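Trainee: A structural model of the following input is requested.
(2 chains)
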Amino acid sequence: MSEFQGVWVFSESRDLMLELLGKGSELAKKLRVELTAVLMGRNVKDQAGRLIEHGADKVYMVADPALERFYIEPYTSALAQLVQQHKPEILLIGSTRRGRAMAPRLATRLETGCVPDCTELSIEDGRLVMSRMVYGGNALAKEICRVKPQIATVPPRVFQKLESRGRKGQVVEVDIKPEKSGTEVVETREIEAAKVKVEEAKVIVAGGRGVEKKEDFRILEDLAEILGGQIGNSRPLAEDRKWFTEWIGLSGHKVRPMLYVACGISGVIQHVAGIRDSQVIVAINKDAEAPILEVADYIVVGDLYEIVPALSSVLRRLLKGG
Amino acid sequence: MPTIIVCLKQALDVAELKVDSTTQRVLTANAPRKISDFDKNALEEAVKLKEKLGGEVITVTVGSEKAKMVLKEALAMGTDRAYLLSDPSFEHSDTLAISYILAEGIKKLGSYDLILCGEASIDSYSGQVGPRLAERLQLPQITYVRALSLNGDTVVAERTLENCYETIKTKTPVLATVTKEINEPRIPSLMAIMKASKKEIITWSAEDLKVAKTRVGIDGSAIQIMNVLAPKMDRKRIVLEADTVKGVAEKLAKALINEGVGGR
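Mentor: Residues are numbered from 1 along each chain as shown, chains lettered A, B, ... in the order given. The predicted structure follows:
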C-alpha cells in the first residue's frame, strides 16, 4: 500500500491546473506528502515556475513535439508512464472535456478507478473520499477508490487556487516518448461565446418555456443590465426551439451566481442541478405548482411579462444614485 | 459495408426518481428504467449510417434479464442483432469492470468498423465507458461527437469542446461517443415494435465470454460507493404577494437589495 505516495495534479488548462494545486496542497498536507504537478506540452518550460508559486513542491515536465496539441494517446501514454514510474497515491485531473476523455482511458491503462467531476474531496483514514452529483442532480454520491492511484477529475471553479508566494520547488525534466495519436484534427472552429462566460456572471436572469418569443428576452436583458448581470436560458429553448445553442443545467452550464432569477422556468431536476450553488434564487412563474418554486428563496406566482418589467422599473429607481 | 456496434445502458429514468424524505436516500430499487438518452442518439446515428451505406448494426448491453427491454427497443429502432451480456457475477460492476465485460463481448463478435456510445449515461453521468472501452480495444477515440461521416475507412467527426468545435479525421476501426446534438432519435412504429418482439436476443454469460471472475462485479471494481444521498437544499421559500403587480415588484426589489444584490 505505502508503495504509492504523493499527490499529483494535471490539467491542460492553465487556470484549472492552479485550482487543482490549491486543493492538492490541502490533501498533500493532510497526508504529509509531496504535491507534484505534471506539465506537458511542446514548449512549457516557462510555465513551471508559476506552478511552484501556486503550491507545487515538484514539477515533472515532459516537453515533446507530440504533445503540442492535446491528443488522447500521447497525453495518456506520457502520464501513464510517469505514474507507473513514480506511483502517486492520488491523481487529480482537470475536468475539461479533454480531461474527461483522457482520465478514464488513463485509469483503464492503470487498471484503477476514476471518479469524475468531484465537487468535494477529503482525506479519511488515509484514503481519498470523493463526492459528485449523480442521478441527474438528485443525489450526491460519496465514493472511494480501492486501487491506487486514486483518480478524480475536478471541474473548473470548484476549488480555489492558492495565492502565489515566494515558494521553492524542484523542476524535473523527464524524457518520455509519447505514443502516436490515432486521430488528426483537421479543422478548429471557435464557438461564438457570450461576452462573459455565464459561469462567471454575478447575476443571471434566465428564461424558460414561459418566454413566448425569442424577442421577449429583451425584458430579461433589461433586468440583467440593471443588476449588472447577463441572461441565460433553460434547455428546451436551445434544444426544442433552437433559440440558443447553450443552456444552463446539469448537461449544460453549471452556474453559481450571487443571484439567479428564473423566469418562466419550470425547474426540472436537471435544471435545478445546474443552479444549485446559486446564493439567492428567485422564481417567477405563472404555475403555482412549478417545481422551481420548491428550490427558490423568493417566489412570485405571476406572469413574467408583468412582473419582470415592473421589477426592472422599481430596481432602476431604487438603485439609481445608490 | 460497415459493421457498427452500439453500446447501450439501461439507465434509471432520473426524472422519475423519488427520495425517502427521512433518510435522504434515493429510492432506486423499483425506479423505472429506460435506454440512456445519449445512447439512443448513438443508436439512431448507427441506423442512419446503415440506411445510407448498408451494413449491419449490432447492439450490446450489460445487465440483468430486465435489460432485454432496452434491446427490444433497439431492435425496433433498427438494430440487426442484439446481445445481452448477463451474469450474476456482473452485478455491481463499476466502469472499470463494465468496460472489460463489453470489450470481451465485442472481441467475441469479431470485426467491426465503428463503435458508438453515448457521451455519458443519464443516471451516473460518468462518461467513462466509451474511453475505457477504446483503451481496452486499443482503438482511437473521439468523444462529444455532434456530426459524423463514414466514407470507406475514413471517419470524419466534429466534436464539441468548451470553446470550439474540432473536426477530427481518422481511420476505422474507431470508437466515438455522441452528444444529443447529433440527431433526433426515431420513435419506432407499432409495426417495427411487433416485428422486433419476434427477434431473438442473444445472451452471453461470463462463461461464454470467458471473463475472469476476479475482474467483474464487486471484486473487479475499483470504486466503492459509500453512500448516495439527496443533497439538502435549504432555501427560504418566501412567497411574495401584493394586490398589484407593482406592489409585488416593490417587495421583490427590496428583498433583493437586502440580500446585497445590485450593490455594485
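
Trainee: per-residue confidence at residue A:241?
Mentor: If you check residue A:241, the pLDDT there is 92.

Trainee: look up phi and psi at it.
Mentor: The phi/psi pair for residue A:241 (degrees, to the nearest 10) reads phi -90, psi -10.

Trainee: that one: what's it in contact with?
Mentor: Residues in contact with residue A:241, defined by Cβ atoms under 8 Å, 6 or more residues apart in numbering or on different chains, are residue A:214. (Glycine included, C-beta is placed from N, CA and C.)

Trainee: that one and chain B: what is the separation?
Mentor: For residue A:241, the distance to chain B equals 14 Å [Cβ to the nearest Cβ, to the nearest Å].

Trainee: measure that residue to residue A:233 for me?
Mentor: 9 Å (Cβ to Cβ, to the nearest Å).

Trainee: with residue B:182 instead?
Mentor: Separation of residue B:182 from residue A:233 (Cβ to Cβ): 21 Å.

Trainee: is residue A:289 in a helix, a strand, or coil?
Mentor: Of the three states, residue A:289 takes coil according to DSSP: H, G, I helix; E, B strand; the rest coil.

Trainee: per-residue pLDDT of residue B:16, please?
Mentor: For residue B:16, the model assigns a pLDDT of 80.

Trainee: domains of chain A?
Mentor: With domains defined by automatic domain parsing, chain A comprises A:7-173, A:198-319.

Trainee: shaky segments in the chain?
Mentor: I'll assume chain A. Residue ranges of chain A with pLDDT under 70: A:1-2, A:192-196, A:321-322.

Trainee: the intended chain is chain B.
Mentor: For chain B, the stretches flagged by pLDDT under 70 are B:233, B:262-264.

Trainee: which residues touch residue 100?
Mentor: All of this refers to chain A. Neighbour list for residue A:100: A:116, A:117, A:153, B:127, B:143 [criterion: Cβ under 8 Å, 6+ apart].

Trainee: oops, wrong one, chain B.
Mentor: For residue B:100, the contacting residues are B:136, B:211, B:215, B:216, B:220, by Cβ under 8 Å, 6+ apart.

Trainee: in strands, which of those residues appear?
Mentor: The strands, defined by DSSP state E, take in nothing from the contacts of residue B:100.

Trainee: okay, those in CSV with neighbour count next?
Mentor: CSV is the format used below for the contacts of residue B:100 (neighbours: other Cβ atoms under 10 Å in any protein chain shown):
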residue, neighbour count
B:136, 20
B:211, 23
B:215, 17
B:216, 26
B:220, 22
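
Trainee: related to what we said a few turns ago, more neighbours: residue B:182 and residue A:233, which one.
Mentor: Neighbour totals were compared for residue B:182 and residue A:233, and residue A:233 leads with 28 against 24 (other Cβ atoms under 10 Å in any protein chain shown).

Trainee: hang on, isn't the more buried one packed against residue A:245?
Mentor: No: applying Cβ atoms under 8 Å, one finds residue A:233 not in contact with residue A:245, separated by 10.2 Å.

Trainee: is stretch A:287-307 anywhere near chain B?
Mentor: Yes: using Cβ under 8 Å from any Cβ of the partner chain, we find that stretch A:287-307 touches chain B at A:293, A:294, A:295, A:296, A:297, A:298, A:299, A:300, A:301, A:302, A:306, A:307.

Trainee: how about the contacts made by the first one?
Mentor: Meaning residue A:293. Counted by Cβ under 8 Å, 6+ apart, residue A:293 has contacts A:267, A:283, A:285, A:299, A:301, B:237.

Trainee: closest one to residue B:189 out of these, please.
Mentor: residue A:267 (34.3 Å; Cβ to Cβ).

Trainee: any idea how far chain B is from residue A:78?
Mentor: As defined by Cβ to the nearest Cβ, residue A:78 lies at a distance of 15 Å from chain B.

Trainee: that residue: neighbouring residues, count only.
Mentor: Residues near residue A:78, counting by other Cβ under 10 Å, number 24.

Trainee: doesn't it fall inside a strand?
Mentor: No: looking at residue A:78 with three-state DSSP, it is helix, so not inside a strand.

Trainee: what secondary structure does residue 250 sit in?
Mentor: With no chain named, the answer covers chain A. Assigned with three-state DSSP, residue A:250 falls in the coil class.

Trainee: you answered for a different chain; I wanted chain B.
Mentor: Under the three-state scheme (three-state DSSP), residue B:250 adopts helix.

Trainee: tell me the contacts of it?
Mentor: By Cβ under 8 Å, 6+ apart, the contact list for residue B:250 reads A:314, B:242.

Trainee: need the longest helix for chain A.
Mentor: Criterion DSSP state H: the longest helix present in chain A is helix A:14-31.

Trainee: how much space separates whichever residue of the stretch 51-200 of chain B sits closest to chain A from residue B:239?
Mentor: Per Cβ to the nearest Cβ, residue B:140 is where the stretch 51-200 of chain B lies closest to chain A, at 2.9 Å. For residue B:140, the distance to residue B:239 (Cβ to Cβ) stands at 55 Å.

Trainee: tell me which of these two has more neighbours.
Mentor: Between residue B:140 and residue B:239, residue B:140 has the larger neighbour count (other Cβ under 10 Å), namely 21 against 13.

Trainee: other residues contacting stretch A:281-289?
Mentor: Residues from elsewhere that reach stretch A:281-289, judged by Cβ under 8 Å, 6+ apart: A:210, A:259-267, A:275, A:290, A:292-293, A:295-304, A:307-308, B:235, B:252, B:256.

Trainee: list buried residues within these.
Mentor: Neighbour counting with 16 or more other Cβ atoms under 10 Å in any protein chain shown marks A:210, A:259-267, A:275, A:290, A:292-293, A:295-302, A:304, A:307-308, B:235, B:252, B:256 as buried within these.

Trainee: sitting in strands, which of those do you find?
Mentor: Short answer: the buried ones among the contacts of stretch A:281-289 in strands (DSSP E) are A:259, A:260, A:261, A:262, A:263, A:298, A:299, A:300, A:301.

Trainee: contacting residues for the fourth one?
Mentor: Pointing back at residue A:262 there. Residue A:262 sits next to A:206, A:208, A:275, A:281, A:282, A:283, A:284, A:285, A:292, A:296 when contact means Cβ under 8 Å, 6+ apart.

Trainee: do the last one as well
Mentor: Residue A:301 sits next to A:285, A:286, A:287, A:288, A:293, B:239, B:241 when contact means Cβ under 8 Å, 6+ apart.

Trainee: so can I have JSON lines of those residues showing distance to residue B:92?
Mentor: Compiled in JSON lines, the contacts of residue A:301 are given as follows (distance: Cβ to Cβ, whole Å):
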{"residue": "A:285", "distance to residue B:92": "41"}
{"residue": "A:286", "distance to residue B:92": "45"}
{"residue": "A:287", "distance to residue B:92": "40"}
{"residue": "A:288", "distance to residue B:92": "42"}
{"residue": "A:293", "distance to residue B:92": "38"}
{"residue": "B:239", "distance to residue B:92": "44"}
{"residue": "B:241", "distance to residue B:92": "50"}
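
Trainee: which one of the contacts of residue A:293 sits closest to residue A:255?
Mentor: Among the contacts of residue A:293, residue A:267 lies closest to residue A:255 (Cβ to Cβ), at 14.2 Å.

Trainee: confirm for me that that closest one is in contact with residue A:274.
Mentor: No: if you go by Cβ under 8 Å, residue A:267 and residue A:274 don't touch, sitting 10.7 Å apart.

Trainee: tell me how chain B divides into domains.
Mentor: Per automatic domain parsing, the structural domains of chain B span B:3-215, B:234-264.

Trainee: please identify the most buried of those.
Mentor: Stretch with highest mean neighbour count among the domains of chain B: domain B:3-215 (a mean of 19; mean count of other Cβ atoms under 10 Å in any protein chain shown).
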